[in-house]
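Visitor: Fold the following, please.
(chains A, B, C, D, E and F)
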6 protein chains.
Amino acid sequence: MLLSLSTWCDVEAYLQRSRSILLPIGSMEQHGPTGLIGTDAICPQVIAEAAAANNPDILVGPTFSVGCAQHHLGFPGSMTLRPSTMIAAIADWCASLRRHGFERIYWINGHGGNIATIAAAFAEVYAERSLSGPNSNIAALSMRQRNWWELPGVMSTCQRLHPKHEGSHATASEVAVTYAAYPEQVRNLVLDPKVAPNGGFTDAEDYRGRFADGRIGSDPTQATVAAGEEIIAVAAKALREDFLAFAAAKA
Amino acid sequence: MLLSLSTWCDVEAYLQRSRSILLPIGSMEQHGPTGLIGTDAICPQVIAEAAAANNPDILVGPTFSVGCAQHHLGFPGSMTLRPSTMIAAIADWCASLRRHGFERIYWINGHGGNIATIAAAFAEVYAERSLSGPNSNIAALSMRQRNWWELPGVMSTCQRLHPKHEGSHATASEVAVTYAAYPEQVRNLVLDPKVAPNGGFTDAEDYRGRFADGRIGSDPTQATVAAGEEIIAVAAKALREDFLAFAAAKA
Amino acid sequence: MLLSLSTWCDVEAYLQRSRSILLPIGSMEQHGPTGLIGTDAICPQVIAEAAAANNPDILVGPTFSVGCAQHHLGFPGSMTLRPSTMIAAIADWCASLRRHGFERIYWINGHGGNIATIAAAFAEVYAERSLSGPNSNIAALSMRQRNWWELPGVMSTCQRLHPKHEGSHATASEVAVTYAAYPEQVRNLVLDPKVAPNGGFTDAEDYRGRFADGRIGSDPTQATVAAGEEIIAVAAKALREDFLAFAAAKA
Amino acid sequence: MLLSLSTWCDVEAYLQRSRSILLPIGSMEQHGPTGLIGTDAICPQVIAEAAAANNPDILVGPTFSVGCAQHHLGFPGSMTLRPSTMIAAIADWCASLRRHGFERIYWINGHGGNIATIAAAFAEVYAERSLSGPNSNIAALSMRQRNWWELPGVMSTCQRLHPKHEGSHATASEVAVTYAAYPEQVRNLVLDPKVAPNGGFTDAEDYRGRFADGRIGSDPTQATVAAGEEIIAVAAKALREDFLAFAAAKA
Amino acid sequence: MLLSLSTWCDVEAYLQRSRSILLPIGSMEQHGPTGLIGTDAICPQVIAEAAAANNPDILVGPTFSVGCAQHHLGFPGSMTLRPSTMIAAIADWCASLRRHGFERIYWINGHGGNIATIAAAFAEVYAERSLSGPNSNIAALSMRQRNWWELPGVMSTCQRLHPKHEGSHATASEVAVTYAAYPEQVRNLVLDPKVAPNGGFTDAEDYRGRFADGRIGSDPTQATVAAGEEIIAVAAKALREDFLAFAAAKA
Amino acid sequence: MLLSLSTWCDVEAYLQRSRSILLPIGSMEQHGPTGLIGTDAICPQVIAEAAAANNPDILVGPTFSVGCAQHHLGFPGSMTLRPSTMIAAIADWCASLRRHGFERIYWINGHGGNIATIAAAFAEVYAERSLSGPNSNIAALSMRQRNWWELPGVMSTCQRLHPKHEGSHATASEVAVTYAAYPEQVRNLVLDPKVAPNGGFTDAEDYRGRFADGRIGSDPTQATVAAGEEIIAVAAKALREDFLAFAAAKA
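Guide: Alright, predicted model coming up:
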């Protein structure tokens, strides 16, 4: 069940069944010469929609599509929020949902660079209630973030599919997921070097200086539609179970 | 050409052809018992994607999907940003795009409640450069916002299709556009009253007190997939022309 | 009755009669070679004071004198707030008045560039209550903004007085209103060109490049004290009626 | 010379003579049963305008009329900015003026409660340049704030006129200045107690609990139009000299 | 009793005895060639710890160590918060303490440049409650700031110890206090000029241009460990009495 | 070398040797009935000072002592910054240091709850430069954060010393470090239960409900001064090496 494709009456009925919602959160940033700029938003959205398919107890909210990607700004098309802006936006989303009676929010994340700021945003939201004292009139929220590649069974699937050169940015697996979602976007290019270098980075200029085509440690030319479909299936099943367990924690 | 489905190399090549980008901006808010919560994001996105189809000179960025909808919070599922948050987020999007050499940003808007805050955000972005003086090292940006229903030919089409009770929220036409985009979401309900009341409003409690099922002035049961397809076609053609004229203003 | 010239006891008594207040809001920005920098603050203040004269049921608050005028910063003396600052300031003014039991705030505006940010500020104020839920302990506020030139009868008067070249910035009518308020400030200059060009604009550098002496579309040399007095009379009468109707809406 | 009543051409010419500007800054807050809510804005504005009269080398900007008055909110009609809002607004005013080439800004203050926040705002403005390093491309500003009652000769005049019970809020002298400016506003009331109590305070509830009618330590029934005129004359002369010395410091 | 060296159970017990807390607040900024960068944090901390020694009714919180020092940034090692950041941080500290039932917060300050921003922060904290009205659910706080050199008996001691050239920045007395606290840090240097110049300043570049080695008006080579010990003893005794009187004001 | 105990001349000389600085960052929060509220600030500070002892190439800045601890506010004495405030403060610290020519900042962290917000603050700082483009006039910074317990060799030492019930909050090892630093603060109490429960948490009310005395998973009664000294020695050595390697990365 997708919030975007629901009426308010649908949501009113859903709230009788569940007080939890699933929100994909990603980024709009370069993923090397063969990866799509939307990769980190597409992956969690596709997996969330697959997890929710035909399940009236999983409501998927809109995708938070532009995240923290300042380090990718050396490559055309990358977009970022400042972390302070992202915290404010996440807080507004949470306050909106809390207003309707949602008590549990599960963020399925597609971008490593978001992890810290999402966690900081959780603390910002919790702090509002914590500072207002034990008799606060602000309703309690409980939040979880999970990276899709860390869902049970996903990493082992990725490693089986791409035992070498999975990498850490523009990975073979995430590119495969986007190819499965958009088969017409498969890019057949020869990359040079075939496997990208590894390492750390600071800001956009530093990043571009270290990683000439944007990839880190990966050979995404391994990515196939079939591999992507397999990863989606594994991840969707794991997400479905994890979300429902999360939702059940407070009935 | 969609930013989300492009590589950074694609965008680098695009910037050789054009310094303009098209961004859909909407809202996640109730649209009555037969309208989808995502209506105001779906409409500009669908029209923008239709406008850009098969045209290498129109790059469509991600949809800014949650906007200013505080007045709809009395209905489950509606989400809002505070205007100050929305201004900060729009400013970050603009700064990201300016960094790559984009000079012109066209926001195609789907929600009346966004208009003021988008305009305020433009002034916030311009003010940064205006305050830094005539020798500013901040590159100039030029921005336009346009509501899709105000594109040339659209309003007359809507009026021809729905000569009565188009309304001003959860309109027959916007619901039709979403039905054309998602035919499986057509809701066949009898609404009571058939035509919603008109009037002004302030905050969410006030709004809900005045408009019992969320609609304002409309009878969206008139909406059909066929009508939606016609509106999309007219709007997409008008948007294509308007965007290209905007993009051509500074070659 | 002017807030600035009242005691707190006067306001306490006023609140027994009315829960509404009238606030002029303007700008400090260039108005061409013959117009005053304070024009957009002077016009709504003069009209508001005339509307309130001898009427114990109209309380006029202080003039919000510096608004959104980033586009005029290419001309010496122009001042601006960033929209985000203006929203914060309007929110503080509203919170102060709400604290005393004011329930309805009518902003009489003198500057087109303020319209969007005032509307965004309204949404910011409303959002605070909307997000806090149906049992909010924040009192409800109801706000209206009206441009003085759009009050009933004003535009037709202006058109009768200046059938040609009224223009859209540094208009003959607004300059006339300031001349009526400050007859010693009448500037008799020959302008070249007599009628300023029309068009759009973005930031301060862009504006100055397009409009060499600051005017848009106007020939303000038509302005006379007599015309200004007539406009003030018409506008004050219309504002008085509109404000009292607004105030009566919730007794 | 008043900015509000000048054209941009006037200001352009002024900047050839001087890089300094004089800004009155006050508050909108209760001043007891006989004092006006606008007292703290009226006093510095009247004195500044008298100081600038017939002097082409003193430009008076708009009055910053609503300041820091949270402690007065227990009395109807009082208005406040939060200090953080006030700092942002002062910073925007300063940035606007710096853009035109103003190098020195003199704030003539009418409200004790503003002193700290004005000083903090100065530090905020200076910090922007200090943090950007010795080769900053931000132009230098030099600012001064002065309370009108601390100008040379003023305090001794006030003490001579009101040797007893001048007080510290709703003082006989500040009320006298407003009566001189608005003789029709003289309030002839018997106050009980005749002399208000003294003491400290924290927030609005605390203040109202300590000072029943809003005054602190004063007997403002001593205030006369004649005394106000004398104070204005002394203060205006002192301000004129102090401003011109300030302006001359950097020629 | 130091908060840092207490357990939460210790604080729980303390709150049965007292609702007040003592917080040292300082700065990290140059103090001339013989003064330590931490001087303004060390002085109030040392004095507060001495005041609290062996007294179970004085709880000393953590030192707020980086304050408002933008004007010192021309000298290596100086650090600053922007005033707006400092206000936000002080507000968070206060909200945390209020949450536990603290009702009175005494800030013992070591830096003149902090005074205004601390006072503005108090107004920011008070404003939150003042704006929420007489039935606010925010608990009342009462705050005081005191500069250590203005505690009863301290200034006269300093003047007796250093009758000449005490100065106003990098003073003989504050340097003496730090030498008493860290005798191994005594710097025996010949300064040229022996006595630093006096004067005002704006930003960092301006300050460095006026005060070549960072001192203002002082000859800190007079500072001795013995003098510092004497000052600490006098100040600690005065602070102990002042804090306990403050704490007793509301039992 | 400690910044607090250095003169600006000392720092000027240091900058000839190194462009790096070491900053301890902690928290002020409950650590169970036997742990000190300052634990998370004390640990990194003690370790940093030990690492820098007798080494002129390691400059230790002030301890950032109050961090993100909203979840501990159910226990008296705990203090927190909101993450947005903490980001602003860290950004100001970084901007101050960058102004002097520091290029590399190493944050040695003592609190798990800070990790996310520190990382978000890094992104905030980097984003400023990344958004300003490849020709930015903002100097580059490179930052690292490291938790002291994750320095090479530390975790294995802790596990050897406390093979069971180390726990994750109020751990035996961190309590031991504070006991080594403040032997007079050793608390000999019997805790019930001896080993605290494990689990997750959200806000302060939730945390207090799950962890009755504040500990998570630990038995800190194992802590001894001797164990603390051993941990400090191991950690200080590892930090010294890691910092110098970090500092050497860009000579």
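
Visitor: ok, the residue in the stretch 1-150 of chain A that chain E sits nearest to - contacts?
Guide: Here the stretch 1-150 of chain A gets closest to chain E at one residue, A:Leu131, 4.7 Å apart by CB to the nearest CB. Placement of C-beta: from N, CA and C, glycine included. Counting by CB atoms under 8 Å, 6 or more residues apart in numbering or on different chains, A:Leu131 makes contact with E:92, E:95-96, E:99, F:70, F:73, F:80.

Visitor: where do the strands sit along chain A?
Guide: Ranges of strands in chain A, per DSSP state E, are A:20-25, A:104-109, A:142-147.

Visitor: Just send these back as TSV, with mean neighbour count, mean pLDDT and distance to F:Ala139 too.
Guide: Listed next are the strands of chain A as TSV, based on neighbours: other CB atoms under 10 Å in any protein chain shown; pLDDT from 0 to 100; distance: least, CB to CB, whole Å:
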stretch	mean neighbour count	mean pLDDT	distance to F:Ala139
strand A:20-25	26	98	32
strand A:104-109	24	98	32
strand A:142-147	19	98	33
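
Visitor: Chain D: which of those strands is closest?
Guide: In terms of CB to the nearest CB, the element of the strands of chain A nearest to chain D is strand A:142-147, at 27.9 Å.

Visitor: Which residues of chain A lie near chain E?
Guide: Residues of chain A lying near chain E by CB under 8 Å from any CB of the partner chain: A:130-133, A:137.

Visitor: give me that answer again for 6 Å
Guide: Contacts of chain A with chain E, taken as CB under 6 Å from any CB of the partner chain, map to A:131, A:133.

Visitor: so where's the stretch 151-251 of chain A shaky on pLDDT?
Guide: Residues of the stretch 151-251 of chain A that meet the criterion pLDDT under 70 lie in A:250-251.

Visitor: Now it against chain D: closest residue?
Guide: Per CB to the nearest CB, A:Asp203 is where the stretch 151-251 of chain A lies closest to chain D, at 17.4 Å.

Visitor: same deal with the stretch 1-150 of chain A?
Guide: Nearest to chain D, among the residues of the stretch 1-150 of chain A, is A:Ser84, at 14.8 Å (CB to the nearest CB).

Visitor: contacts for stretch A:227-242?
Guide: Residues outside stretch A:227-242 that contact it (CB atoms under 6 Å, 6 or more residues apart in numbering or on different chains) are A:47, A:50-51, A:148, A:151-154, A:157, A:161, A:173, A:176-177, A:179-180.

Visitor: CA atoms only: put it into CSV for me.
Guide: C-alpha atoms of stretch A:227-242 as CSV (Å, rounded to 0.1, in the frame of the first residue of the first chain):
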residue,chain,number,x,y,z
ALA,A,227,21.3,-10.4,-10.4
GLY,A,228,19.3,-7.3,-9.5
GLU,A,229,16.0,-9.2,-9.5
GLU,A,230,17.4,-11.8,-7.2
ILE,A,231,18.7,-9.1,-4.8
ILE,A,232,15.4,-7.3,-4.8
ALA,A,233,13.5,-10.5,-4.0
VAL,A,234,15.8,-11.4,-1.1
ALA,A,235,15.8,-7.8,0.3
ALA,A,236,12.0,-7.4,-0.1
LYS,A,237,11.3,-10.6,1.8
ALA,A,238,13.7,-9.6,4.6
LEU,A,239,12.3,-6.0,4.7
ARG,A,240,8.7,-7.3,4.9
GLU,A,241,9.6,-9.5,7.9
ASP,A,242,11.6,-6.9,9.6
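
Visitor: about what we covered before: can you list the contacts of A:Leu131 in CSV and add neighbour count, pLDDT and distance to B:Gly38?
Guide: Formatted as CSV, the contacts of A:Leu131 follow (neighbours: other CB atoms under 10 Å in any protein chain shown; pLDDT from 0 to 100; distance: CB to CB, whole Å):
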residue, neighbour count, pLDDT, distance to B:Gly38
E:Asp92, 22, 98, 37
E:Ala95, 23, 98, 37
E:Ser96, 26, 98, 40
E:Arg99, 23, 98, 39
F:Gln70, 31, 98, 33
F:Leu73, 30, 98, 38
F:Thr80, 30, 98, 37
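
Visitor: what about A:Asn54, distance to chain F?
Guide: Distance of A:Asn54 to chain F, given as CB to the nearest CB, to the nearest Å: 30 Å.

Visitor: I'd like to know how many residues surround that residue.
Guide: Using other CB atoms under 10 Å in any protein chain shown, A:Asn54 has 6 other residues around it.

Visitor: quick one: the residue of the stretch 1-150 of chain A closest to chain D from B:Gly153, how far?
Guide: Distance of A:Ser84 to B:Gly153, computed by CB to CB, to the nearest Å: 42 Å.

Visitor: Run through the helices of the stretch 101-250 of chain A in chain order.
Guide: A:115-131, A:154-161, A:172-181, A:204-210, A:225-248 (DSSP state H, counting those that start in this stretch).

Visitor: Go through the shortest one and flag the buried ones.
Guide: When burial is assessed from 16 or more other CB atoms under 10 Å in any protein chain shown, helix A:204-210 yields the following buried residues: A:204-208.

Visitor: filter those residues by proximity to chain F?
Guide: When contact is defined as CB under 6 Å from any CB, the buried residues of helix A:204-210 meet chain F at A:Ala204.

Visitor: Just name the closest of the buried residues of helix A:204-210 to F:Ile25, please.
Guide: F:Ile25 has its nearest neighbour among the buried residues of helix A:204-210 in A:Asp206, at 22.6 Å by CB to CB.

Visitor: Spatially nearest residue to A:Ala139, not counting backbone neighbours?
Guide: Spatially, and ignoring its direct neighbours in sequence, A:Ala139 is nearest to A:Arg98 (5.5 Å; CB to CB, 6 or more residues apart in numbering or on different chains).
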